[in-house]
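# what's the 3D shape of this:
(one chain, ligands or ions: 2)
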Amino acid sequence: MQYDYIIVGAGFFGAVFAQQAKEAGKSVLVVDRRKHIGGNCYSENFEDTNIVVHLYGTHIFHTNNEEIWKYINRFTEFNRYQHRVLTTHKDRVYAMPINLGTINQFYNLNLKPNEVEAFLEAKREKIAQPQNFEERALSVVGRDLYEAFFKGYTMKQWARDPRDLPASVFARLPFRTTFHDSYFDDKYQGIPLGGYTPIFDRMLEGIPVELGVDYFAHREDLHKRGRTVVYTGAIDQYFNYELGRLNWRSVRFETERRAQEDFQGTSVMNYADTEIPFTRIHEPKHLHLEKTHTPNTTIIVREYSLMDNDRPYYPVNAEEDRATLARYQAMATKERNVLFGGRLAEYKYYDMHQVIGSALQKARRELA
Ligand code: FAD
Ligand code: UDP
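Ligands and ions are numbered 1, 2, ... in the order given. Reported below is the predicted structural model:
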């Protein structure tokens, strides 16, 4: 049979599009080169621990958008987890993003909210229009805090000088002059009660899924099997790197089971200093305070960052990338019967809610 849609990638973009197409009465086949659905949001119960581990790093769902929140709640319930991140610098633990507590602890002061602006104003570098990560950081927090908490971490994470990263990467983090220490300010936030994979099981209910299938090994066949292909893999790979490679950052995870109740007392601990090779340690049991876990057991996951264009996770989006991307996008608009979507195909630093929003929008346009 010929399907209406062949969807390459069972991550959020592919799953939402598939779900919407099926609901509109279309026939859909989903393929993924991995052995599981869920893309980078995939989670599983770790051995006999009853601890849900997000295999590709801790994922916190957060959004301000009513429609997206309502949509995702069709497929799961959320717990009341509120994300707080700590960072270790020179063996001391601070709150991240930078808030009044971080500033006071770092400078060993007791500034009040109405004093901190003037204090920081003296530290800030006056840069009228910050052009990159470093300039934005220096103009918001000043050099001391930048060098302690951002410079080393960002060099470890992106393997490039923060001057070569867009200012928008720094702008992802809030900066606060109160003691408010939540990582996100969104109206809705939480972790799906059973982890992320059950969401994908429900979205893809009744839809055939073929795993371990790489689009590039079956390209011709897949185009024959469907009228339209929805492609959520990397855009440069789709075009066989014809115009050159885009820069991608990759991540590697090292998982360890430990016979101890609690390793670090929080779900994510960042490590700001370059002497420590990993960027952060995840301890997933702290994401589910509502659950009972196997006693005297915890799982920790060390996250290492590396540049690997063959295993794309994060678009680097450096200046040279933007020019190449624009040319690939122009080629994409000329492809017939192919839709491109998601973090890899759009080369966008999307969070989950943004990918869901984008898939809903593109599906609505396509299926109208
Ligand atoms: P993906 O999840 O990457 O799915 C794409 C799928 O396509 C993959 O399964 C891949 O195997 C498949 N594919 C690719 N090429 C091919 C091919 N040639 N053939 C067949 N299949 C192919 N977002 C948040 O909102 N909150 C967070 O806390 C958060 N934390 C994150 C932490 C980390 C470490 C990372 C990496 C991301 C994080 N994100 C977070 C972002 C979130 O993971 C993404 O927004 C989301 O997964 C993107 O969905 P997607 O469908 O676009 O891509
Ligand atoms: N960042 C940093 N120190 C930290 C946390 C973040 O320098 O302790 C920088 C880093 O460059 C990162 C960016 O701020 O890429 C945005 O942080 P976010 O948590 O959004 O990054 P993600 O977890 O998505 O990689």
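# Tell me how far the closest residue to E366 other than its chain neighbours lies from V30.
Using Cβ to Cβ, 6 or more residues apart in numbering and skipping the chain neighbours, the partner closest in space to E366 is L339 (6.5 Å). C-beta here means a position set from N, CA and C on the backbone, and glycine is covered the same way. Using Cβ to Cβ, to the nearest Å, L339 is found at 14 Å from V30.
# Among those two, which residue is more densely surrounded?
Between L339 and V30, counting by other Cβ atoms under 10 Å, V30 is the more crowded of the two (28 against 20).
# about what we covered before: the residue nearest to E366 should be in a strand, yeah?
Yes - judged by DSSP: H, G, I helix; E, B strand; the rest coil, L339 forms part of a strand.
# what's the distance between it and E117?
For L339 relative to E117 (Cβ to Cβ), the value is 47 Å.
# I300 now?
Note on I300: its distance to E117, by Cβ to Cβ, is 38 Å.
# Compare the two (neighbour count), which wins?
I300 (18 against 11).
# Quickly find the element holding the more buried one.
strand 298-307 (DSSP states H and E).
# in its sheet, what does that strand sit against?
Strand pairing for strand 298-307, using DSSP bridges, gives strand 248-258 (antiparallel), strand 280-282 (antiparallel).
# Could you point out which of the ones you listed sits nearest V141?
strand 280-282 (19.7 Å; Cβ to Cβ).
# anything in the closest one near ligand 1?
No - Strand 280-282 lies out of reach of ligand 1 by Cβ under 6 Å from any ligand atom, never closer than 9.1 Å.
# chain center to that strand, what's the gap?
How far strand 280-282 lies from its chain's middle: 14 Å, per Cα atoms, centre = their mean, to the nearest Å.
# So for A159, what pLDDT did the model give?
On the pLDDT scale, A159 is placed at 89.
# leaving aside the residues next to it on the chain, what's closest to it?
For A159, ignoring the flanking residues on the chain, the nearest one in space by Cβ to Cβ, 6+ apart is M307 at 4.7 Å.
# what's near enough to touch the one you found?
With contacts defined as Cβ atoms under 8 Å, 6 or more residues apart in numbering, the neighbours of M307 are 159, 247-250, 316.
# roughly how far apart are it and D164?
As judged by Cβ to Cβ, M307 and D164 stand 12 Å apart.
# what do you get for Y71?
Distance from Y71 to D164, by Cβ to Cβ: 37 Å.
# Between these two, point out the one with more neighbours.
Y71 (19 against 15).
# which of the contacts of M307 are buried?
247-250, 316 (16 or more other Cβ atoms under 10 Å).
# With distance to F61 and pLDDT as added columns, please give those residues in a markdown table.
Shown next, in a markdown table, are the buried ones among the contacts of M307 (distance: Cβ to Cβ, whole Å; pLDDT from 0 to 100):
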| residue | distance to F61 | pLDDT |
| --- | --- | --- |
| N247 | 28 | 94 |
| W248 | 24 | 94 |
| R249 | 22 | 92 |
| S250 | 23 | 94 |
| V316 | 25 | 90 |
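# Run through the neighbouring helices and strands of the helix or strand hosting T333.
Using DSSP H and E, T333 sits within helix 319-334. Using 3 or more Cβ pairs under 8 Å, 6 or more residues apart in numbering; DSSP states H and E, the elements in contact with helix 319-334 are helix 235-238.
# What is the neighbour count of K187?
Neighbour tally, K187, other Cβ under 10 Å: 11.
# any idea how far the spatially closest residue to it that is not a sequence neighbour is from P174?
Once flanking residues are discounted, K187 sits nearest to N64: 5.0 Å by Cβ to Cβ, 6+ apart. Note on N64: its distance to P174, by Cβ to Cβ, is 13 Å.
# Return the distance of the nearest residue to T154 once chain neighbours are set aside relative to F61.
Leaving out its chain neighbours, the residue that sits closest to T154 by Cβ to Cβ, 6+ apart is P162, at 4.8 Å. Computed as Cβ to Cβ, the P162 to F61 distance reads 28 Å.
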